[in-house]
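S.K.: Sequence and predicted structure are below.
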2 protein chains.
Amino acid sequence: MTRAARPAGKVTIAEVAQLAGVSKGSVSLAMNDKPGVSAATRKKVREAARELGWLPNQAARSLSSATTQVSNVGLVIARPARMLGLEPFYMEFVSGIESVLAERSHSLLLRLVRDVREEIDVLDGWSRSKQISGSIMVDFTLDDPRVAAVAALGLPVIAVGHPSLTGGLPSVWTDDAAAVTEAVRYLAALGHRRLARVGGPARLGHTALRSEAFTQAVADLKLEPARILTTDFSGEQGARATRALLSSARRPTAILYDNDIMAVAGLSVATEMGVPVPAELSLLAWDDSQLCRLTHPPLSAMSHDVFAFGAEVTRRLMDLVGRGETEHGPAPTPVLVPRGTTARAH
Amino acid sequence: MTRAARPAGKVTIAEVAQLAGVSKGSVSLAMNDKPGVSAATRKKVREAARELGWLPNQAARSLSSATTQVSNVGLVIARPARMLGLEPFYMEFVSGIESVLAERSHSLLLRLVRDVREEIDVLDGWSRSKQISGSIMVDFTLDDPRVAAVAALGLPVIAVGHPSLTGGLPSVWTDDAAAVTEAVRYLAALGHRRLARVGGPARLGHTALRSEAFTQAVADLKLEPARILTTDFSGEQGARATRALLSSARRPTAILYDNDIMAVAGLSVATEMGVPVPAELSLLAWDDSQLCRLTHPPLSAMSHDVFAFGAEVTRRLMDLVGRGETEHGPAPTPVLVPRGTTARAH
DNA sequence: GTGCTGGACTGAAACGGTCTAGACAGGTTC
DNA sequence: GAACCTGTCTAGACCGTTTCAGTCCAGCAC
């Protein structure tokens, strides 16, 4: 271990300067690869620094030069902690983020909060205390107050959400409307006339967008008016919604879910209620995490490489932080992957 | 929004002092709730600060007083990013961590690395740059180099792992040996004589501990010698291991898995190979995430509240950081939850 | 020799807080 | 009235960097 040699106490630039026989200024120049020192001096300084195990004090550094060089990226999620572990989307999203951060020696500063107000405070704090160089924002609502707040902070941010929601922030999004439309068309092509959708919380912008596209597609294809239930994305509420749909008078023959976990729960409910899938009921999940391949029958899904999505979002954030700009555009649209839970309507 | 009023530029303590008509020192005293200022002055200062939207510069603060008040906790995981999203354990563990951190306004600094060397460097950097007040360490190996490294850093750390692995660091662990023994006894009581186990990577300490306990229990009960296969915890390798076991000459009648994802994959393999579960094969998962309740039949598992475990680990870390000490002891032992994949041997 | 140039290096001024020693006012105690 | 508190407040040192205005000096042109 090289680190065994390092003295315990804290070394300052002055000591390095003394050992190298130069001034503090020269040490700073030498260590930061700036011009103004000869190669010989640079070498001498380097050696002194290594010998003393000196690493610059981050606080002092960022105090004197406003240009703090932090290598953290923020992510604030306003959902209950319990949900994070259950919702495969976030895990894969975070994994994708980490995959890009890791190769650039960056870390993710992750925080769960109760509401948007708290989220703004957290971002404010992180930004002021220079703990992050940028942040990823998710779960946009209509007229999201974070847009203005973050603009005022001057913090580089990539918004995950449709531009109609993210108010001019550089954004990455998936074309949910197109995906929903594809799903509805597919189900209609299979002969389904009575669809339903189990969606996320109504306050979320992308839920609204999907709902709108769903209703529109159903109307365009002249299917029966479709029910849309909203949930908190949890398996429990997905199960409850499914139970409600299946026990209603005119039960749907196909259900589109807004995430995997609810689709899986829905499949269980159907089985437990004796509704054969896919013979009498088609189910279509969203996101297509590994879960979808684990059930019996395996879930058909709107497939979406969430890991790659997280990676792409992060790549753009790094772009924004590094070059000051990045492209602004959609990620690949989720694509329908038929598996065992969708079939012709009987 | 209250924050709309805040001027864009950065406000310093001097401006607050001027507006309040006092000295910098008084502002510092007043804002930090320290004695030495009258109530009237304190109020005046508070108002001036609010009016200017002043928040102390963290860098300056931690430069002058060595006692930086950071509210981040570190977690470094030396596994590939892909795995993080797939392995329910980590997600639930992280959720549990966040649940405790959130209520104390702390954040999690998360980093994925390739190996232990890199992990040590990351902890070193975080510690020096005062980015975290403590860290959680996982995945201990025999003679883990992190133990010495972290001791040298003087960083408060909670180790997740059996004390035989964590070399004196304050630790939290589950009694895996007891749990494995319970699992083996249960399967033996069901009449199974030929067991197998699909475990994690051999280098991990807790895999070794479980393997040892497994072999011991099998021997104690005079069952047939049992095969143990090691994997990387992924579903693919779990499937492959199961396939190998089921296609071997004398195939086991019961398999114990080291996590959920492999058990789920194993169940799929059994179904696809036409081996009825649980009629001819009993499967027992580990961790018992939500996954286990989603399969058909639902997986029997060594159940372990990973969320609560993560929360407990974090609570102890906060203890350690705050009070300088914490208890050192085991978390609840995983408990066997029989569901649909275990039955009497035929 | 003088005057210039430019590269290497230095010294000291920021940066924005905290903290300490001491000033000052007003009250108590002898 | 002097001595001594005690509570409030201030001036200024200090934390460890970066940065910038200079100094110094070798080299070169004239």
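M.R.: All right, it came through fine.
S.K.: CA atoms for contacts and neighbours, from now on please.
M.R.: Fine.
S.K.: where exactly do the strands run in the stretch 201-346 of chain A?
M.R.: Remark: strands assigned in the stretch 201-346 of chain A by DSSP state E, counting those that start in this stretch are A:227-230, A:254-257, A:282-287, A:300-303, A:329-330, A:335-337.
S.K.: Any figure for the gap between the residue in the stretch 201-346 of chain A that DNA strand C sits nearest to and residue A:155?
M.R.: Here the residue of the stretch 201-346 of chain A nearest DNA strand C is residue A:321; by Cα to the nearest atom of the strand that distance is 21.6 Å. In this view, residue A:321 and residue A:155 are 9 Å apart by Cα to Cα, to the nearest Å.
S.K.: Common neighbours of the two, please.
M.R.: Common neighbours of residue A:321 and residue A:155, counting by Cα atoms under 8 Å, 6 or more residues apart in numbering or on different chains, are A:133-134.
S.K.: you'd agree residue A:73 is in a strand?
M.R.: Yes - if the criterion is DSSP: H, G, I helix; E, B strand; the rest coil, then residue A:73 is within a strand.
S.K.: Export only the CA atoms of the lowest-mean-pLDDT helix or strand in chain A, formatted as CSV.
M.R.: The helix or strand of chain A with the poorest confidence is helix A:81-86; it has a mean of 80 (mean pLDDT, DSSP states H and E). Extracted as CSV, the C-alpha positions of helix A:81-86 are listed here (Å, rounded to 0.1, in the frame of the first residue of the first chain):
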residue,chain,number,x,y,z
ALA,A,81,-38.2,5.5,0.2
ARG,A,82,-40.1,2.2,0.2
MET,A,83,-41.0,2.8,-3.4
LEU,A,84,-37.5,3.2,-4.6
GLY,A,85,-36.6,-0.4,-3.9
LEU,A,86,-39.7,-1.8,-5.4
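S.K.: buried set for the helix or strand just after that helix?
M.R.: Per DSSP states H and E, the first helix or strand lying C-terminal to helix A:81-86 is helix A:88-103. Neighbour counts over helix A:88-103 (16 or more other Cα atoms under 10 Å in any protein chain shown) mark A:88-102 as buried.
S.K.: Could you do stretch A:270-284 as well?
M.R.: By neighbour count on 16+ other Cα under 10 Å, the buried set for stretch A:270-284 is A:270, A:277-278, A:280-284.
S.K.: out of these, who's nearest DNA strand D?
M.R.: The closest of the buried residues of stretch A:270-284, once distances to DNA strand D are taken by Cα to the nearest atom of the strand, is residue A:284, at 55.1 Å.
S.K.: Just give the number of residues close to residue A:125.
M.R.: 15 (other Cα atoms under 10 Å in any protein chain shown).
S.K.: Now do the contacts for it.
M.R.: Under the criterion of Cα under 8 Å, 6+ apart, residue A:125 has no contact partners.
S.K.: is DNA strand C contacted by the helix or strand it falls within?
M.R.: Element membership for residue A:125, per DSSP H and E: helix A:116-128. No - contact of helix A:116-128 with DNA strand C (Cα under 7 Å from any atom of the strand) is absent, the minimum separation being 10.0 Å.
S.K.: Helices of chain A, residue ranges please.
M.R.: Remark: helices assigned in chain A by DSSP state H are A:13-20, A:24-31, A:39-52, A:58-64, A:81-86, A:88-103, A:116-128, A:145-153, A:163-166, A:176-189, A:205-220, A:235-246, A:260-272, A:306-323.
S.K.: what residues does the fifth one touch?
M.R.: The reference is to helix A:81-86. Identification of contacts with helix A:81-86 by Cα under 8 Å, 6+ apart yields A:90-91, A:112, A:234, A:261, B:88, B:91-96, B:98-99, B:290, B:307.
S.K.: Of the residues you listed, just say which sits nearest to residue B:123.
M.R.: Residue B:123 has its nearest neighbour among these in residue B:94, at 17.9 Å by Cα to Cα.
S.K.: Roughly how far does the nearest residue to residue A:49 once chain neighbours are set aside sit from DNA strand C?
M.R.: Of all residues not flanking residue A:49 in the chain, residue A:16 sits nearest, at 5.6 Å (Cα to Cα, 6 or more residues apart in numbering or on different chains). Per Cα to the nearest atom of the strand, to the nearest Å, residue A:16 is found 11 Å from DNA strand C.
S.K.: Next: residue A:180.
M.R.: Distance, residue A:180 to DNA strand C, by Cα to the nearest atom of the strand: 50 Å.
S.K.: That residue - how many residues pack around it?
M.R.: A count of neighbours around residue A:180, defined by other Cα under 10 Å, yields 27.
S.K.: Correct me if wrong: it contacts residue A:214.
M.R.: Yes - applying Cα atoms under 8 Å as the test, residue A:180 and residue A:214 come out as touching, 5.9 Å apart.
S.K.: From the centroid of chain A, which residue is nearest?
M.R.: By Cα atoms, centre = their mean, chain A has its centre lying nearest to residue A:93, at 4.8 Å.
S.K.: ok, now which ones touch that one?
M.R.: Contact analysis of residue A:93 by Cα under 8 Å, 6+ apart lists A:306-311, B:85.
S.K.: Ok, residue A:142 next?
M.R.: A:165, A:203-205.
S.K.: State the pLDDT value of residue A:54.
M.R.: At residue A:54, the model reports a pLDDT of 85.
S.K.: now swap in residue A:3 and tell me
M.R.: Note on residue A:3: pLDDT of 35.
S.K.: Same question for the one 10 residues further on.
M.R.: As summarised for this prediction, residue A:13 has a pLDDT of 90.
S.K.: which residue packs closest to residue A:101, ignoring adjacent ones?
M.R.: Per Cα to Cα, 6+ apart, closest to residue A:101 is residue A:107, 6.1 Å.
S.K.: beta partners for that neighbour?
M.R.: Per DSSP bridges, the residues bridged to residue A:107 are residue A:72.
S.K.: Which residues are in contact with it?
M.R.: Applying Cα under 8 Å, 6+ apart, we find residue A:107 in contact with A:71-73, A:98, A:101, B:109-112.
S.K.: returning to what we had before: now neighbour count and distance to DNA strand D too, for the contacts of residue A:93, in JSON lines please.
M.R.: Shown next, in JSON lines, are those (neighbours: other Cα atoms under 10 Å in any protein chain shown; distance: Cα to the nearest atom of the strand, whole Å):
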{"residue": "A:306", "neighbour count": "24", "distance to DNA strand D": "39"}
{"residue": "A:307", "neighbour count": "23", "distance to DNA strand D": "36"}
{"residue": "A:308", "neighbour count": "19", "distance to DNA strand D": "36"}
{"residue": "A:309", "neighbour count": "22", "distance to DNA strand D": "35"}
{"residue": "A:310", "neighbour count": "25", "distance to DNA strand D": "33"}
{"residue": "A:311", "neighbour count": "22", "distance to DNA strand D": "31"}
{"residue": "B:85", "neighbour count": "25", "distance to DNA strand D": "37"}
